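Student: Predicted model and sequence below, questions to follow.
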Amino acid sequence: MYRGKLASTELFTILGGFISSLLFLVLLTIIGNFQETCGSKTGWGVVVIVEVVALIAASTIHQVCITTCFLFSAALLYKVNKLSGTPLFKS
């Protein structure tokens, strides 16, 4: 829908990669919560599948979006992993 606008300048190309990495985060959260509800553990296979989906979505915008999506997704995955290990309340 906004492919032409996102591919028009360098800054918008980076923004397209960031938006695709947000797609990665949302899909990972949805699938992870669904698997935890069903009683199974979320593994690295789900992360790879969701990353491939986000990279395919980024490739429809611009080739540089693939690289920026991967980098932003790696940073988001690191932060989510770090946040998931911290307790919410300290006794």
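Tutor: Good, I have the coordinates.

Student: what helices or strands is the one helix or strand T67 maps to leaning on?
Tutor: Following DSSP states H and E, one finds T67 within helix 63-84. Applying 3 or more CB pairs under 8 Å, 6 or more residues apart in numbering; DSSP states H and E, one finds that helix 63-84 contacts helix 10-38, helix 44-59. Bear in mind the C-beta positions are built from the backbone N, C-alpha and C, glycine included.

Student: roughly how far is the first one from the heart of the chain?
Tutor: In this case it means helix 10-38. 3 Å (CA atoms, centre = their mean, to the nearest Å).

Student: That helix versus helix 44-59: what angle between them?
Tutor: Angle, helix 10-38 to helix 44-59, by axes from the mean of the first three to the mean of the last three CA atoms, to 10 degrees: 150 degrees.

Student: Now do helix 10-38, average pLDDT.
Tutor: For helix 10-38, the mean per-residue pLDDT is 93.
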